[in-house]
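Student: requesting a structural model of the entry that follows:
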Amino acid sequence: MEFDFGLPLLIVVGFVAGIINTIAGGGSLLTLPLLIFMGLPEAIANATNRVAIFFQTASAVSGFKSKGVSTFPFSIYVGISASLGSFIGVQFAIDIDGELFKKILSVVMIVVVLLIVFKKQNKLQDLKTEKTSGKHLWFSIIAFFFVGLYGGFLNAGVGFIMLLILPAINKFSLVKANATKVTVAFIYTSIALLVFILNDKVNWRLGLTLAIGNSLGAWFGSRYSVKKGDNFIRIALFVIVTAMAVKLWFF
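Tutor: Numbers count the residues shown, from 1 in each chain. Okay, here's the model as predicted:
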């Protein structure tokens, strides 16, 4: 029986993606193209990636909780809203044309690369009182419905969107925003994954292998806010994602 060298690669890339997804976002821009390059049809790759995201976010939630960081019950409220959007978004992902999917993914990848390059460094900015009730709660509930809509459909790069919304509307710190982000992603990913499973779109062998790496990376990333090496990660992600985007678009 021949050893599949693609499996260790999935774990390694998943580990990196788990860290990236937890401390920022965009890890699926590595794992999703990799699954496609390993021969999975686009819709199957999209569904299989959700297995890793499910376990990754569960691990990250546990990691943040172990450090005493939680935004309950706010994260549950917006998570439910995101789940409703996710249920709708995943319907479009089930039977999407493969070529159209690759075109959409490549455009998303380029947009995220630009966000990575031009995103300003987070400062210890106006640490105002967190706003998680009243109109701010409702603004977030509405915004996260659309986050879930996109998350159910593709999910790649959705972390960046949440990290824009939460500090802007709810005045969350980066740590609190990340803790909320992974909780919301866990909730709406559960719904999306269930729909994919019911439609027999998941490759469990590759999905669970990838989940090992993602989960380990998420645990590490959630417990240790390591900023040393951010520039290296930004440059590496720029190069890798750009190369994958070009290949998806032209080949």
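Student: can you list the weak-confidence ranges in the stretch 101-250 of the chain?
Tutor: Scanning the stretch 101-250 of the chain with the threshold set as pLDDT under 70 gives 102, 109, 112-113, 115-128, 224-250.
Student: can you give me the strands for it?
Tutor: In the stretch 101-250 of the chain, no strands are found when defined by DSSP state E, counting those that start in this stretch.
Student: show me the helices in it, by range?
Tutor: 134-153, 158-170, 174-198, 204-223, 230-250 (DSSP state H, counting those that start in this stretch).
Student: would you reformat the ones you listed as JSON lines and include distance to Q91?
Tutor: Using the backbone N, CA and C atoms, a C-beta is placed for each residue, glycine as well. Compiled in JSON lines, the helices of the stretch 101-250 of the chain are given as follows (distance: least, CB to CB, whole Å):
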{"stretch": "helix 134-153", "distance to Q91": "8"}
{"stretch": "helix 158-170", "distance to Q91": "17"}
{"stretch": "helix 174-198", "distance to Q91": "7"}
{"stretch": "helix 204-223", "distance to Q91": "20"}
{"stretch": "helix 230-250", "distance to Q91": "23"}
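Student: wait, G148 touches A82, no?
Tutor: Yes - counting by CB atoms under 8 Å, G148 touches A82, with 3.2 Å between them.
Student: which residues do those two both contact?
Tutor: Y188 (CB atoms under 8 Å, 6 or more residues apart in numbering).
Student: and the host helix or strand of F15, how far out from the chain's middle?
Tutor: Using DSSP states H and E, F15 sits within helix 6-23. Distance, stretch centre to chain centre, for helix 6-23: 12 Å (CA atoms, centre = their mean, to the nearest Å).
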